[in-house]
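K.L.:
predicted model and sequence follow; I will ask about them next.
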Amino acid sequence: MAKFRRTLLVATAVAAVASAQQQQQPPEDTTQQPEGLHALMLSAGKLYFGTATDVGNHNDEKYQAILAHQGEFGIITPENSQKWEVTEPRRNQFVYTTADTVAEKAQDNGHLLRCHTLTWHSQLPPFVSSGSWNASDLTDILTTHITNVMTHFKGRCYAWDVVNEALEEDGTYRESVFYEVLGDKYIPLSFKIAAQADPEAKLYYNDFNLETSPKKADGAERIVKLVRDAGERIDGVGFQGHLIVGQTPSRRALAALLSRFARLGVEVAWTELDIAHDFSSAASNGSSAANATQLEQQAADYVSVVGACLDEPRCVGVTVWQFTDKYSWVPLAFPGRGEPCLWTATYTKKPAYDAVSKLLREAAANKTGVSTSSAPTLPTPSSISGAAAALSRGGSGGALLSPLLGVVGGLMAMFVL
Ligand code: G3I
């Protein structure tokens, strides 16, 4: 404890020195801006830039060097290891080995956790998906699972994806085991259990194709209201952002979508962003590797998505679903599509990385991002929110100061963890 306090004081002092130095710098001197997407996000007034990662990536030194690079990422999402089939493979038998390993890695790197996911039809253990449940049994199962998992990670999650992908493309409810047995009541029920298990974590509904399916977006809005009407807490809507190069909506359309949800009073975030090339398209000309034109289009599409977050004050940040093509889920799930990430499979930064970096530098210089005073204010005082707020303060402290305050924020997160 004392050691942490000392470290924190030292880091604060370093930040204060940097602040003094910062005051002597012309604010428009972008050459003095920090390196790394998270540091730049802070400078632009947002809470974080993050990535999905998991234990399967832990022995890859080049990968780990980028993950740990100060300022590149501020928060991580376990790609698979917090899912139900991993954490409760058999009824009432909870296994946190891999998820704890990811959480420890986050702690080592000074990253917060964005936790994923609780009530989801996919990656369920057979005991849930194959059982013949009545409402009472399934309610017990949901309550036990959500309570146990959230309690285990309590104090370490900035947010939880409480309910994931409950909608079909036409906006109707997905025919999951939860919907079949409990009807739409399973959604507010999940949020109720989650709020009791960890009052400090932000509680999200998370889904894909909200960006491209208007009826699905209507369904997500209905879910926010459903939870609220049931008297339960919902803090955020996560837009997964699994998109396709050349088919990504414009920045303006994406910002309008985020704003539509922000007006409901929830915070919003890009939670699983990746933008894949469709190698069956004419633009590919039979090749299964992106050409220069496709890479430029991908860069423009990333700018649209990240730019939309900058445009909406209640958008707290962006998480990419892995940062390197080497570990992307896309080609495994969609043969013929691929290379959706910001780094190549051999860890070269792509034009999309440079374009996002430039966008964030300009946002920081022009202060087009959300200011600290208009930062999201939903459920506030908590250890995790405190750490996030410390990260956020980097945004108002100036470009040079930001990464150092990011360090302080990271240390605070470690302190909390
Ligand atoms: O763990 C088994 C391993 O034991 C087995 O040997 C191996 C053989 O294929 O499979 C492993 O399981 C894989 C698992 O990832 C863990 O690596 C599954 O096959 C594979 O299907 C699974 O894919 C994950 C997918 O969710 C499952 O739905 C992806 O990695 C993960 O990126 C993806 O993430 C989802 C989000 O959670 C929700 N939104 C969509 C997103 C993309 O599908």
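P.N.:
Noted; the coordinates are in hand.
K.L.:
not counting sequence-adjacent ones, nearest residue to S280?
P.N.:
Among residues not flanking S280 along the chain, G336 sits closest, at 4.8 Å (Cβ to Cβ, 6 or more residues apart in numbering). Yep, even glycine has a C-beta here, placed from its N, CA and C like the rest.
K.L.:
pretty sure that neighbour sits against F279.
P.N.:
Yes - with contact defined as Cβ atoms under 8 Å, G336 and F279 form a contacting pair (5.4 Å).
K.L.:
if you count surrounding residues, which of those two has more?
P.N.:
Neighbour totals were compared for G336 and F279, and F279 leads with 20 against 14 (other Cβ atoms under 10 Å).
K.L.:
so what's that one scoring on pLDDT?
P.N.:
For F279, the model assigns a pLDDT of 94.
K.L.:
make sure it is actually in contact with N291.
P.N.:
No - the criterion here is Cβ under 8 Å, and F279 misses it with N291 at 10.4 Å.
K.L.:
smallest gap between the stretch 201-350 of the chain and the ligand, at which residue?
P.N.:
W329 (3.5 Å; Cβ to the nearest ligand atom).
K.L.:
how about the backbone phi and psi for that residue?
P.N.:
phi -70, psi -20 (degrees, to the nearest 10).
K.L.:
burial of it, as a residue count?
P.N.:
By other Cβ under 10 Å, 17 other residues sit near W329.
K.L.:
what's near enough to touch it?
P.N.:
W329 sits next to E79, W321, Q322 when contact means Cβ atoms under 8 Å, 6 or more residues apart in numbering.
K.L.:
now secondary structure and distance to the ligand too, for the residues you listed, in a markdown table please.
P.N.:
Putting the contacts of W329 into a markdown table (DSSP: H, G, I helix; E, B strand; the rest coil; distance: Cβ to the nearest ligand atom, whole Å) gives the following:
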| residue | secondary structure | distance to the ligand |
| --- | --- | --- |
| E79 | coil | 5 |
| W321 | coil | 6 |
| Q322 | coil | 7 |
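K.L.:
quick one: which of those residues is nearest to A269?
P.N.:
Nearest to A269, judged by Cβ to Cβ, of these is W321 at 12.7 Å.
K.L.:
got phi/psi on the closest one?
P.N.:
phi -90, psi 80.
K.L.:
thought it was touching A276?
P.N.:
No - at 10.4 Å, W321 and A276 do not qualify as touching, with contact defined as Cβ under 8 Å.
K.L.:
any common contacting residues for these two?
P.N.:
By Cβ under 8 Å, 6+ apart, W321 and A276 have these common neighbours: H242, S328, P340.
K.L.:
nearest spatial neighbour of the first one, skipping sequence neighbours?
P.N.:
Right, H242. Setting aside the residues directly before and after it, H242 is nearest to F208 in space (Cβ to Cβ, 6+ apart), at 5.1 Å.
K.L.:
in contact with the one you found, which residues?
P.N.:
For F208, the contacting residues are E165, Q240, G241, H242, E272, by Cβ under 8 Å, 6+ apart.
K.L.:
what number of residues are in the vicinity of the third one?
P.N.:
In other words, G241. 27.
K.L.:
check what pLDDT it gets.
P.N.:
At G241, the predicted lDDT confidence score is 98.
K.L.:
pretty sure it contacts W270?
P.N.:
Yes - in this structure, G241 is within contact of W270 by Cβ under 8 Å, at 4.6 Å.
K.L.:
helices of the stretch 101-250 of the chain, start to end?
P.N.:
Applying DSSP state H, counting those that start in this stretch to the stretch 101-250 of the chain gives helices spanning 126-129, 135-152, 177-182, 186-197, 214-229.
K.L.:
adding distance to A364, mean pLDDT and mean neighbour count, write these out as TSV.
P.N.:
Formatted as TSV, these follow (distance: least, Cβ to Cβ, whole Å; pLDDT from 0 to 100; neighbours: other Cβ atoms under 10 Å):
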stretch	distance to A364	mean pLDDT	mean neighbour count
helix 126-129	45	97	15
helix 135-152	35	98	17
helix 177-182	43	98	19
helix 186-197	34	98	22
helix 214-229	30	98	17
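K.L.:
can you put these in JSON lines and add distance to the ligand?
P.N.:
What follows is those, written out as JSON lines (distance: least, Cβ to the nearest ligand atom, whole Å):
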{"stretch": "helix 126-129", "distance to the ligand": "13"}
{"stretch": "helix 135-152", "distance to the ligand": "15"}
{"stretch": "helix 177-182", "distance to the ligand": "16"}
{"stretch": "helix 186-197", "distance to the ligand": "16"}
{"stretch": "helix 214-229", "distance to the ligand": "14"}
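K.L.:
possible to save these as CSV with distance to G307?
P.N.:
Shown next, in CSV, are the helices of the stretch 101-250 of the chain (distance: least, Cβ to Cβ, whole Å):
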stretch, distance to G307
helix 126-129, 39
helix 135-152, 33
helix 177-182, 35
helix 186-197, 30
helix 214-229, 19
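K.L.:
other SSEs contacting the longest strand seen in the chain?
P.N.:
Taking DSSP state E as the criterion, the chain has its longest strand at strand 267-278. Identification of packing neighbours for strand 267-278 by 3 or more Cβ pairs under 8 Å, 6 or more residues apart in numbering; DSSP states H and E yields strand 202-207, strand 236-239, strand 242-244, helix 251-262, helix 292-311, strand 315-320, strand 337-338.
K.L.:
elements contacting whichever helix or strand comes after the shortest one?
P.N.:
What that stands for is strand 337-338. Next in sequence after strand 337-338, counting helices and strands by DSSP states H and E, comes helix 351-366. Counting by 3+ Cβ pairs under 8 Å, 6+ apart, the packing neighbours recorded for helix 351-366 are helix 37-43, helix 292-311.
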